[in-house]
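Participant: following is a predicted model, sequence given first.
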Amino acid sequence: MSNYILYIITVTLLFVSYLRDKQKTNKALMKAWKAFENILPEFLGVIMLVGILLAILNPQVISSVIGTQSGWFGVILSAVVGAVTLIPGFVAFPTAAMLLKNGAGYMQIGAFVSTLMMVGVVTAPVEIKYFGKRLAIVRNVLAFLFSFIVAYIIGKVAGGI
Amino acid sequence: MKFIERYRFFLITVVITGIITIINRDIGLKALGVAGYSFKEMALVIPPIFVLLGLLDIWVPRETMMKYMGEGSGIKGIVLAIILGSAAAGPLYGAFPVAAVFMKKGVKFSNILIFIGAWSTTKIPMFLFELSALGARFAVTRLLVDIPGIILIAYILSSLISKEQVMQIYQNAESM
């Protein structure tokens, strides 16, 4: 659905651009290609890395790590699993819902979902290329720590403790 | 040689996948399957993002971007950064090339970091998915904690990184 919107907006803008100035549009497309070609090696590497990680860390392994653990140790483990994996949302959220049904706590799931989205260990090569090593590392560390605050509050509010 | 240099990281992952496949065929094939799926996702979402980037780069003048999101843009810049990041589609690695064009256009560093944060956690399509899978209490709580969180992280990051380093990152973006 959101992909359709993205394509409709892009094609419309491209068309308007073409009507107003052919040359500028060509230049824009050249820039788009250059930017894409520039980062393509990192993209491809990240995609392969995600494949390897998800083949090893499948939902069963994840649930065995997160599902049975409780307390802060379980939260830390969940946060680590979320940080190193990169799972598309439509897989991640149903998995998280399933884990909740199987007895995982809200705090653990909160940590997992939060680091999954904010912390990107496998996407770090792309981030480093644009932001440099130092900023990429500090951002991910801060996001990781922040996820514990998120987990704690979600545990209180959604867990109803 | 230049090709090997640039694609070194990718080639290493390919070799690792090959070794895994030799050791355990099932896991190796699964890795390839997931990679194939991710590749399709990239092929679908990434091209329009880059075309939009190219158009933004050519058509929107630096002054306009600076006025709305540059130094001194205040609350307006923060809100715009959150809205733009939340309206995004695609995985987080798509956000970094957008950030590079924002840098070229003189967008304030903290606003770029807020944009990255919003792209990572408050994307609207993702939020709707989370809402249906994990319930309103979970999703809304996370959203309400995350919005101040990404702003806070952006300001802590800006204060931790020196002016020279920020300059260097902006210069690096010019060559992207």
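Facilitator: Cool, got the structure.
Participant: could you list the low-pLDDT ranges of chain A?
Facilitator: Applying pLDDT under 70 to chain A flags residues A:1, A:67-70, A:90, A:160-161.
Participant: go again with 80.
Facilitator: By pLDDT under 80, the weakly predicted segments of chain A are A:1-3, A:57-71, A:86-91, A:102-103, A:159-161.
Participant: from the chain's centroid, how far away is the helix or strand hosting B:Met42?
Facilitator: B:Met42 belongs to helix B:25-59 when assigned by DSSP states H and E. Between the mean C-alpha location of helix B:25-59 and the chain-wide mean there is a distance of 13 Å, by C-alpha atoms, centre = their mean, to the nearest Å.
Participant: in that helix, which residues are buried?
Facilitator: By neighbour count, with 16 or more other C-beta atoms under 10 Å in any protein chain shown as the criterion, the buried positions of helix B:25-59 are B:27-28, B:30-32, B:34-35, B:37-39, B:42, B:45-59. Using the backbone N, CA and C atoms, a C-beta is placed for each residue, glycine as well.
Participant: which members of the residues you listed additionally contact chain A?
Facilitator: Counting by C-beta under 8 Å from any C-beta of the partner chain, the subset of the buried residues of helix B:25-59 that neighbours chain A consists of B:27-28, B:30-32, B:34-35, B:38-39, B:42, B:45-55, B:57-59.
Participant: B:Ile161 reaches A:Leu135, doesn't it?
Facilitator: Yes: with contacts defined as C-beta atoms under 8 Å, B:Ile161 counts as touching A:Leu135 at a distance of 5.8 Å.
Participant: centroid residue for chain B?
Facilitator: In chain B, the centroid-proximal residue (C-alpha atoms, centre = their mean) is B:Ala95; its distance is 2.1 Å.
Participant: ok, it - contacts?
Facilitator: By C-beta atoms under 8 Å, 6 or more residues apart in numbering or on different chains, the residues touching B:Ala95 are B:Gly85, B:Ala88, B:Phe115, B:Ile116, B:Trp119, B:Ser120.
Participant: show me which of these neighbour chain A.
Facilitator: The subset of the contacts of B:Ala95 within reach of chain A, counting by C-beta under 8 Å from any C-beta, consists of B:Ile116, B:Ser120.
Participant: can you tell me if stretch A:40-58 touches chain B.
Facilitator: Yes: against chain B, stretch A:40-58 shows contacts by C-beta under 8 Å from any C-beta at A:41-52, A:54-56, A:58.
Participant: so which of those is surrounded by the most neighbours?
Facilitator: Highest neighbour count within the residues of stretch A:40-58 next to chain B: A:Val46, with 28 neighbours (other C-beta atoms under 10 Å in any protein chain shown).
Participant: host element of that residue?
Facilitator: Assigned by DSSP H and E, A:Val46 belongs to helix A:22-56.
Participant: that helix packs against which elements?
Facilitator: The elements that helix A:22-56 packs onto, with contact taken as 3 or more C-beta pairs under 8 Å, 6 or more residues apart in numbering or on different chains; DSSP states H and E, are helix A:2-20, helix A:124-157, helix B:8-23, helix B:25-59, helix B:95-104.
Participant: now do the third one against helix B:25-59, angle only.
Facilitator: The one in question is helix B:8-23. 160 degrees (axes from the mean of the first three to the mean of the last three C-alpha atoms, to 10 degrees).
Participant: contacting residues around the residue nearest the centre of chain A?
Facilitator: When chain A is reduced to its mean C-alpha position, the closest residue under C-alpha atoms, centre = their mean turns out to be A:Met117, at 3.9 Å. For A:Met117, the contact set (C-beta under 8 Å, 6+ apart) comprises B:Leu92, B:Ser120, B:Thr121, B:Met126.
Participant: pretty sure A:Met118 is in contact with B:Lys123, am I right?
Facilitator: No: taking C-beta under 8 Å as the definition, A:Met118 is not a contact partner of B:Lys123, at 11.8 Å.
Participant: dump the helices and strands packed on helix A:22-56 to a markdown table, plus distance to A:Trp72.
Facilitator: Listed next are the helices and strands packed on helix A:22-56 as a markdown table, based on distance: least, C-beta to C-beta, whole Å:
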| stretch | distance to A:Trp72 |
| --- | --- |
| helix A:2-20 | 36 |
| helix A:124-157 | 9 |
| helix B:8-23 | 33 |
| helix B:25-59 | 31 |
| helix B:95-104 | 31 |
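Participant: out of those, which comes closest to B:Gln168?
Facilitator: Taking C-beta to C-beta as the criterion, helix A:124-157 is the member of these that comes nearest to B:Gln168, at 7.0 Å.
Participant: how near is B:Thr17 to B:Phe3?
Facilitator: The spacing between B:Thr17 and B:Phe3, counted by C-beta to C-beta, to the nearest Å, is 19 Å.
Participant: cool, and B:Phe129?
Facilitator: Computed with C-beta to C-beta, the distance linking B:Phe129 and B:Phe3 is 39 Å.
Participant: understood, closing this out.
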